[in-house]
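Undergrad: give the three-dimensional model of this entry:
(chains A and B)
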Amino acid sequence: MKKYLALSVTMLIVLYTTGFAQTSGRDIMLKVEKQQEVKTRIAKSKMILINKQNKTRERDVVQYTKSVNDPKGVDEKILVFFEYPADIRGTGLLMISYSDPKKDDDRWLYLPALKKVRRIAGESKNEYFMGTDFTYDDMGGRLIDQDSHTLIGEETIDGITCYKIESVPIDKNDLYSKKISWVIPDKWVHIKVDFYDRKGQLMKTLRADDIRNVSGVWLQFNLEMTNYVTNHRTILKILEAKLNEPIGDQVFTTTALERGGIR
Amino acid sequence: MKRAAIWITVLSIICIAYPAWAQMTFRGFILNQDMFRANESLDAMLIRNRLRLNAEIYGENVAAFASLDVTNDIADTTTTIPNLRDAYIDIYNKWLDLRIGKQQVVWGKTDGYFINDIVNPLDLSYFLLQDFEDIRMATTMLNARLHYGYHSLEILVIPEFKPINLKFEGDWGYKRPTVMTIPIPYPGQIIYRDIPLYYAEDKPPQISLKKAEYALKLNTFLLGSDLSLMYLKIREDRPVYFTQMLFDTSGIPLQVNLTPTHPWQNFFGLNFSKPVGVFVFRGEGGYYPERHFNTQNQSYLTKGMIVAKPFTQFMLGADYQLSSALDISVQGINERILDYESGIQADENVFIGTLMLRGHFVNETLSPLFLILYNFEDKSSLMRTSVDWNYADNFTITAGADFLSGISDTIFGMYDANDNFYLKVKYSF
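TA: Numbers count the residues shown, from 1 in each chain, chains lettered A, B, ... in the order given. This is a model prediction of the structure:
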């Protein structure tokens, strides 16, 4: 009887703490998502690509983002244009993501040399974006419930005590087997993310700094993704960010893509 | 005194225009391209130096763009040729885009072939081997695009007509016949005689709004698919020869005069693309109720040996990412002359398959490409291979080779002797 009672109590404690941790992990990631929730965002960025010989290439990018959450299930619209270097200037990418995690993004790519808009598979979220170490998924649009989040503890990074969250993709075909994120409490932004491949090996690390408050939102103005597999790094510096400025829906169309930019 | 006045005028213009110049951006590239025949002779088929200069200026809801090409082709022994490629003005607002001037308009989803992509004529002076952005010739037109959400309606008014640019001499000259073999009945026998053909110059028609070409295209996004429907009232870009036979006093044909014409035709087209999982399916179709062809059927002598038949084209294709570094695209293309008659100087049925493999390696600094077009009817083919090395920002080196095969009277086989390898070095700014 005593043994049975002890086992029951132990099971209850385990169930309670596991449930609490899962809820806490998701709650934290939800706060991160909500903290950065804005109606619109216009960001000019510079990406510096560094290979293992320390040779650099640069990409200047303008990104327009609009949160939609409309009855058709559209969650977010993103339009990205390359402004530098000259040989890819005018290349544009339009992405429309949906609230339903089972529904693939709609994506179009405009190549100025071909003067054509090309439809690309939305399922290819794991593909690297234009030679950088960021995948399309890393660039944005990933829904919170595409992963299962668990708070696994706290750790100090750069003198800041952070929540440490383990996120495991629900889709077993995802590029990553898990991600470990370090989140600064009260600012609710990532300061570091480790990405693990399907074999559980550390594949990439994202570090963020130069965190600034823009119109009440904490943004990471400097991001560095290090890819240990290819010995390649990408530094993404936000040069300018404007939040909640009106952006018409006509911006997120293939017409705007073909026009080659927002003037 | 006069010279001083000229200098003062020029400097004044520069000073007044300086604020506009200051907002203008200049971009372009410098390119060296060298192509050699892939046989023992290794003779130069193309040694080209090129400067492209693009000027852009933007204001509020207006923009202007001009593109100048200066080409110096040593192998062709031509002099330096400047060419105004594009020059247009954009006026736009939330629901209307207007583009007026010399421009290219690309409709269609097919790689390496032209079904819906027929607004601008093609420059076939190097067959199909021009760069994609150079193979279409810009034409002066009004391009109006009304858009509402995901839908748009494009309207084109094209007063300028240009035929396709074909060379008839040199390595890439189109091998048109020089004689016509005609049966001549003699008492008790038929003798076949080769009658010389004389080609008249292709003179484009006078420009007028009455003779302008028109096009409409409706674009929409439906059930996850991009869909376009179009109608064009255009002239045939390729020459269809009005044939006149000259006879001697005894009724024996002496010579044949061929005058290039570009008959009017109606074109109905549609295209779509739809992703399904990891695939993207593309399709394109075109229908001419009457397309004009030359015929050897003598019963059409009074009609200049030209016959009009319904003509269809369609393409079905699929794109797939084999891996994060490799894309594959396949296409099947069919062209068919309906209600075919013998004597028509074109194949009743053409089926072409294409396969394209494109790689992205070393963070997209190394991009190999393999493309093959194979004509299943006449067994001719075009194979293109190349590697782009993005050595540094704005600087690309391309090495490649083209192989054409087939018998001499086939579309690819006629250039069988032009297998080549090439190098391009390009700096963009």
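
Undergrad: the closest residue to B:Thr410 other than its chain neighbours: what's it in contact with?
TA: In space, and not counting its chain neighbours, B:Thr410 is closest to B:Ser380: 3.8 Å by Cβ to Cβ, 6 or more residues apart in numbering or on different chains. C-beta here means a position set from N, CA and C on the backbone, and glycine is covered the same way. By Cβ atoms under 8 Å, 6 or more residues apart in numbering or on different chains, B:Ser380 lies in contact with B:Tyr374, B:Leu404, B:Ser405, B:Gly406, B:Ile407, B:Thr410, B:Ile411, B:Phe412, B:Gly413.

Undergrad: now with 7 Å, please.
TA: Shown in contact with B:Ser380 (Cβ atoms under 7 Å, 6 or more residues apart in numbering or on different chains): B:Ser405, B:Gly406, B:Thr410, B:Ile411, B:Phe412, B:Gly413.

Undergrad: may I ask which of those has the most neighbours?
TA: Neighbour counts for the contacts of B:Ser380, by other Cβ atoms under 10 Å in any protein chain shown, peak at B:Phe412, which reaches 24 neighbours.

Undergrad: that residue contacts B:Asn418, correct?
TA: No - contact criterion Cβ atoms under 7 Å: B:Phe412 and B:Asn418 do not qualify, at 9.9 Å.

Undergrad: overlap of the contact sets of those two?
TA: Residues touching both B:Phe412 and B:Asn418 (Cβ under 7 Å, 6+ apart): B:Leu404.

Undergrad: how about the residue in the stretch 101-250 of chain B positioned nearest to chain A, what does it touch?
TA: Distances between the stretch 101-250 of chain B and chain A by Cβ to the nearest Cβ are smallest at B:Val106, namely 4.3 Å. Counting by Cβ under 7 Å, 6+ apart, B:Val106 makes contact with A:Lys115, A:Lys116, B:Asp117.

Undergrad: what helix or strand is B:Pro196 on?
TA: Assigned by DSSP states H and E, B:Pro196 falls within strand B:189-199.

Undergrad: counting neighbours, which bits of that strand end up buried?
TA: Using 16 or more other Cβ atoms under 10 Å in any protein chain shown as the test for burial, strand B:189-199 gives B:Ile195, B:Leu197, B:Tyr199.

Undergrad: so what's the gap between whichever helix or strand comes after that strand and the chain middle?
TA: The first helix or strand that comes after strand B:189-199 along the chain, using DSSP H and E, is strand B:213-222. Offset of strand B:213-222 from its chain centre (Cα atoms, centre = their mean, to the nearest Å): 20 Å.

Undergrad: ok and the helix or strand that strand B:213-222 is followed by relative to strand B:213-222, angle-wise?
TA: Downstream of strand B:213-222, the first helix or strand assigned by DSSP H and E is strand B:225-235. Going by axes from the mean of the first three to the mean of the last three Cα atoms, to 10 degrees, strand B:225-235 is angled at 170 degrees with respect to strand B:213-222.

Undergrad: so what does strand B:225-235 touch, helix or strand wise?
TA: The contact analysis (3 or more Cβ pairs under 7 Å, 6 or more residues apart in numbering or on different chains; DSSP states H and E) places strand B:225-235 against strand B:213-222, strand B:264-276.

Undergrad: give me the residues contacting it.
TA: Contact with strand B:225-235 is made by A:119, B:107, B:116, B:118, B:161, B:213-220, B:262-274, as judged by Cβ under 7 Å, 6+ apart.

Undergrad: out of those, which end up buried?
TA: Looking at the contacts of strand B:225-235 with 16+ other Cβ under 10 Å, the buried ones turn out to be A:119, B:107, B:116, B:118, B:161, B:213, B:215, B:217, B:219, B:262, B:265, B:267, B:269-274.

Undergrad: coming back round to it: among the contacts of B:Val106, which one is most surrounded by other residues?
TA: In terms of neighbour count, B:Asp117 stands highest of these at 22 neighbours, by other Cβ under 10 Å.

Undergrad: just to revisit the earlier point, adding distance to A:Arg59 and secondary structure, write the contacts of B:Val106 out as a markdown table.
TA: Listed next are the contacts of B:Val106 as a markdown table, based on distance: Cβ to Cβ, whole Å; DSSP: H, G, I helix; E, B strand; the rest coil:
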| residue | distance to A:Arg59 | secondary structure |
| --- | --- | --- |
| A:Lys115 | 21 | coil |
| A:Lys116 | 21 | strand |
| B:Asp117 | 30 | coil |
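
Undergrad: closest one of those to B:Asn49?
TA: Within the contacts of B:Val106, the smallest distance to B:Asn49 is 24.3 Å, found for A:Lys115 (Cβ to Cβ).

Undergrad: quick one, what contacts B:Ala200?
TA: B:Ala200 sits next to B:Asn257, B:Leu258, B:Thr259, B:Pro260 when contact means Cβ under 7 Å, 6+ apart.

Undergrad: mind picking the two most distant members of those residues?
TA: Farthest-apart pair in the contacts of B:Ala200 is B:Asn257 and B:Pro260; separation 11.1 Å (Cβ to Cβ).

Undergrad: these two: which has the busier surroundings?
TA: Higher neighbour count among B:Asn257 and B:Pro260: B:Pro260, with 17 against 14, using other Cβ under 10 Å.

Undergrad: confidence score at the residue lying closest to the more buried one once chain neighbours are set aside?
TA: Once flanking residues are discounted, B:Pro260 sits nearest to B:Pro239: 3.4 Å by Cβ to Cβ, 6+ apart. Model confidence at B:Pro239, given as pLDDT, is 93.

Undergrad: equivalent analysis for B:Asn39, please.
TA: 87.

Undergrad: equivalent analysis for A:Ser124, please.
TA: pLDDT, A:Ser124: 65.

Undergrad: check the one 3 residues further on too.
TA: Per-residue pLDDT puts A:Glu127 at 78.

Undergrad: how many residues are close by it?
TA: Neighbours of A:Glu127 (other Cβ under 10 Å): 19.

Undergrad: for the residue nearest to it when sequence neighbours are not counted, give me phi and psi.
TA: Distance criterion Cβ to Cβ, 6+ apart; nearest residue to A:Glu127, sequence neighbours excluded, is B:Ser324 at 5.4 Å. Torsion angles at B:Ser324 (phi, psi; degrees, to the nearest 10) stand at phi -60, psi -20.

Undergrad: in the chain, which spans are helices?
TA: Using chain A here. Taking DSSP state H, the helices of chain A run over residues A:2-35, A:136-139, A:254-259.

Undergrad: wait, chain B
TA: Using DSSP H, the helices of chain B run over residues B:2-23.

Undergrad: interface residues of it facing chain A?
TA: In this structure, chain B approaches chain A at residues B:27, B:58, B:63, B:94, B:97, B:104, B:106, B:132-133, B:145, B:147, B:149-150, B:152, B:224, B:226, B:273, B:275, B:277-280, B:321, B:324, B:363-364, B:392-394, B:396, B:428-429, judged by Cβ under 7 Å from any Cβ of the partner chain.

Undergrad: which members of the residues you listed occur in strands, if any?
TA: Counting by DSSP state E, the residues of chain B next to chain A place B:27, B:58, B:63, B:97, B:145, B:147, B:152, B:226, B:273, B:275, B:279-280, B:321, B:392, B:396, B:428 in strands.

Undergrad: do you know the pLDDT at the residue in the stretch 101-250 of chain A that chain B sits nearest to?
TA: At 3.3 Å from chain B, A:Gly131 is the closest residue in the stretch 101-250 of chain A, using Cβ to the nearest Cβ. As predicted, A:Gly131 sits at a pLDDT of 86.
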